[in-house]
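Colleague: Could you work out the structure for the sequence below:
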Amino acid sequence: MKWTKKVIFILVVGFCLFYLIQQPEGAAQAVRTVFGALVRVFQAVVTFFTSLAA
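Modeller: Numbering: from 1, shown residues only. So this is what the prediction gives:
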């Protein structure tokens, strides 16, 4: 089971590197999208706790 995780990890990292080299603009947009989603989630959590405190 441990070797399966290692193989999957290597494949994912390899795909990411391939995508970054072949499509740098697309990779940058994907990173922006992920970080934008994380920011929205963080803002929602802050809003939730702010509402609880009020």
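
Colleague: so the residue most central in space within the chain, which of the three states?
Modeller: Nearest to the geometric centre of the chain sits V34, at 4.7 Å (CA atoms, centre = their mean). For V34, the secondary-structure state derived from DSSP: H, G, I helix; E, B strand; the rest coil is helix.

Colleague: so who does it touch?
Modeller: By CB atoms under 8 Å, 6 or more residues apart in numbering, the contact list for V34 is empty. Where you see a C-beta, it was placed from the backbone N, CA and C, and this is true even at glycine.

Colleague: do you know how far it is from S51?
Modeller: Separation of V34 from S51 (CB to CB, to the nearest Å) stands at 26 Å.

Colleague: again with A28
Modeller: With distances taken as CB to CB, A28 is found 35 Å from S51.

Colleague: same check, this time on K6
Modeller: Using CB to CB, we find K6 at a distance of 44 Å from S51.

Colleague: show me where pLDDT drops low in this structure?
Modeller: Within the chain, the set of residues satisfying pLDDT under 70 is empty.

Colleague: Please, where are all the helices along it?
Modeller: Secondary structure of the chain (DSSP state H): helices at 2-22, 24-53.

Colleague: can I get the CA coordinates of the shortest one in CSV?
Modeller: Spelled out, that is helix 2-22. Once side chains and other backbone atoms are set aside, the C-alpha atoms of helix 2-22 remain, and they are given as CSV (Å, rounded to 0.1, in the frame of the first residue of the first chain):
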residue,chain,number,x,y,z
LYS,A,2,2.9,2.4,0.8
TRP,A,3,4.4,2.0,-2.7
THR,A,4,1.0,2.8,-4.2
LYS,A,5,0.9,6.2,-2.5
LYS,A,6,4.4,6.8,-3.6
VAL,A,7,3.7,6.0,-7.3
ILE,A,8,0.5,8.1,-7.3
PHE,A,9,2.4,11.0,-5.7
ILE,A,10,5.2,10.7,-8.3
LEU,A,11,2.6,10.6,-11.1
VAL,A,12,0.8,13.7,-9.8
VAL,A,13,4.0,15.7,-9.4
GLY,A,14,5.1,14.6,-12.8
PHE,A,15,1.8,15.7,-14.4
CYS,A,16,2.0,19.1,-12.6
LEU,A,17,5.6,19.6,-13.8
PHE,A,18,4.6,18.6,-17.4
TYR,A,19,1.6,20.9,-17.3
LEU,A,20,3.7,23.8,-15.9
ILE,A,21,6.3,23.4,-18.7
GLN,A,22,3.8,22.9,-21.5
